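J.: here is a sequence with its predicted model. Questions after.
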Amino acid sequence: MNSENLQTKWGQFISLVTVFFFWGFVGSANDILIPVFKKVFTLSQVQSQLVAWAFYAAYFVGSIIFFLVSLKSDVLQKFGYKKTLAAGLSVSAIGSFLFVPAATMESFPFFLTALFTVGLGFSIQQIVANPLAIKMGSPATGAHRLTLAGGVNSFGTTIGAILLGIALFGMGSSAETSLSLEDIKLPFVILGFAFIAVALFMLFSKIEDPAKEEEIKIEAGNKKFAIKDYPQLYLGMIAIFIYVGTEVTIISNLPALLKTAEFGNILEEAIPPFIALYWGSLMIGRWN
């Protein structure tokens with residue numbers, strides 16, 4: 001392979017990192033939906049956490065389904081990276097559009113279903129996008145590209161809460177704002193069309209699909225995969241489980257904490273900047 005082929009394909013990579021932005025944007029938006037749903041549906045604090053649970057449980061369920069299907073047939077080899085990524089984006093688009101009937105019906109379980117569907121699409125996208133980012137250039141700089149993509153993801157988490165807060169509460173004063181589920185529809189409809197646009201772009205883009213190259217390598221080797229042979233894999237899984245669980249638990253309960261008398265009785269419409277500050281602080285650490 002010549003040096004030109006080892007150069008990072010920046011045009012293709014930039015288009016790919018938009019997917020990383022979506023993950024952060026929606027994850028941060030969930031933190032706004034928790035206090036909103038808690039107030040509108042008169043939920044307990046435990047019940048309000050079902051918002052985060054429905055979204056992140058979809059990652060686990062989607063990964064298990066993908067794993068079980070892959071035992072019989074390698075999905076990425078059969079359909080390719082681009083088609084699989086586009087399929088994940090399409091699933092998330094369906095979930096985004098489900099927010100419209102959920103808001104019309106004023107149904108909390110329907111909202112949870114919509115969030116679960118969005119998260120299910122994200123699980124497919126992450127299975128594809130992470131290794132694809134590494135493969136868009138020299139393997140030696142793959143970690144750098146993945147770190148940069150993670151920084152874009154952090155940027156999405158930082159501004160997601162602010163943008164959804166503006167959509168729901170406007171740019172109003174500190175006076176209490178009347179919450180309406182109707183205001184949730186437009187942001188998620190726009191998000192759904194954004195998912196579709198990126199899915200179509202991925203399908204018709206010139207991004208090279210590494211699936212065929214991987215097929216040749218797999219056929220050339222006979223060694224079967226065993227997770228016990230890769231401690232960095234299972235230890236990394238444990239580390240991700242702990243750190244993601246910690247950061248999501250903190251931010252999911254932060255709005256309730258801010259609303260206590262000890263922390264100023266902060267209303268729902270004033271919470272988005274604090275959520276953005278939380279994710280922004282993490283972004284600074286990840287960008288350094």
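T.: Arrived safely, thanks for sending.
J.: the stretch 101-250 of the chain: helices as residue ranges?
T.: In the stretch 101-250 of the chain, the helices defined using DSSP state H, counting those that start in this stretch lie at 108-135, 142-169, 182-204, 211-220, 231-258.
J.: mind putting those in a markdown table, distance to residue 45, mean neighbour count and mean pLDDT included?
T.: No exception for glycine: its C-beta is placed from N, CA and C like everyone else's. Listed next are these as a markdown table, based on distance: least, Cβ to Cβ, whole Å; neighbours: other Cβ atoms under 10 Å; pLDDT from 0 to 100:
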| stretch | distance to residue 45 | mean neighbour count | mean pLDDT |
| --- | --- | --- | --- |
| helix 108-135 | 15 | 22 | 93 |
| helix 142-169 | 19 | 20 | 86 |
| helix 182-204 | 21 | 18 | 91 |
| helix 211-220 | 45 | 11 | 54 |
| helix 231-258 | 5 | 13 | 90 |
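J.: so which of these gets nearest residue 78?
T.: Closest approach to residue 78 among the helices of the stretch 101-250 of the chain (Cβ to Cβ): helix 211-220, 8.4 Å.
J.: just to revisit the earlier point, same list (the helices of the stretch 101-250 of the chain) but as CSV, adding distance to residue 72.
T.: Formatted as CSV, those follow (distance: least, Cβ to Cβ, whole Å):
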stretch, distance to residue 72
helix 108-135, 16
helix 142-169, 29
helix 182-204, 25
helix 211-220, 15
helix 231-258, 22
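J.: wait, which of those helices is closest to residue 274?
T.: When the helices of the stretch 101-250 of the chain are compared by Cβ to Cβ, helix 231-258 sits nearest residue 274, at 6.1 Å.
J.: which elements pack onto the closest one?
T.: helix 10-40, helix 45-48, helix 50-72, helix 272-287 (3 or more Cβ pairs under 8 Å, 6 or more residues apart in numbering; DSSP states H and E).
J.: give me the contacts around the second one.
T.: Put plainly, it is helix 45-48. 34, 35, 37, 38, 253, 256 (Cβ atoms under 8 Å, 6 or more residues apart in numbering).
J.: switch the cut-off to 6 Å
T.: 34, 38, 256 (Cβ atoms under 6 Å, 6 or more residues apart in numbering).
J.: in the stretch 1-150 of the chain, where is pLDDT below threshold?
T.: Along the stretch 1-150 of the chain, segments meeting pLDDT under 70 span 1-6, 8.
J.: ok, 50 please
T.: Filtered on pLDDT under 50, the stretch 1-150 of the chain yields the residue ranges 1-4.
J.: which of the helices of the stretch 101-250 of the chain sits closest to residue 96?
T.: helix 182-204 (3.4 Å).
J.: angle of the closest one against helix 108-135?
T.: 30 degrees (axes from the mean of the first three to the mean of the last three Cα atoms, to 10 degrees).
J.: packing partners for helix 182-204?
T.: helix 81-97, helix 99-105, helix 142-169 (3 or more Cβ pairs under 6 Å, 6 or more residues apart in numbering; DSSP states H and E).
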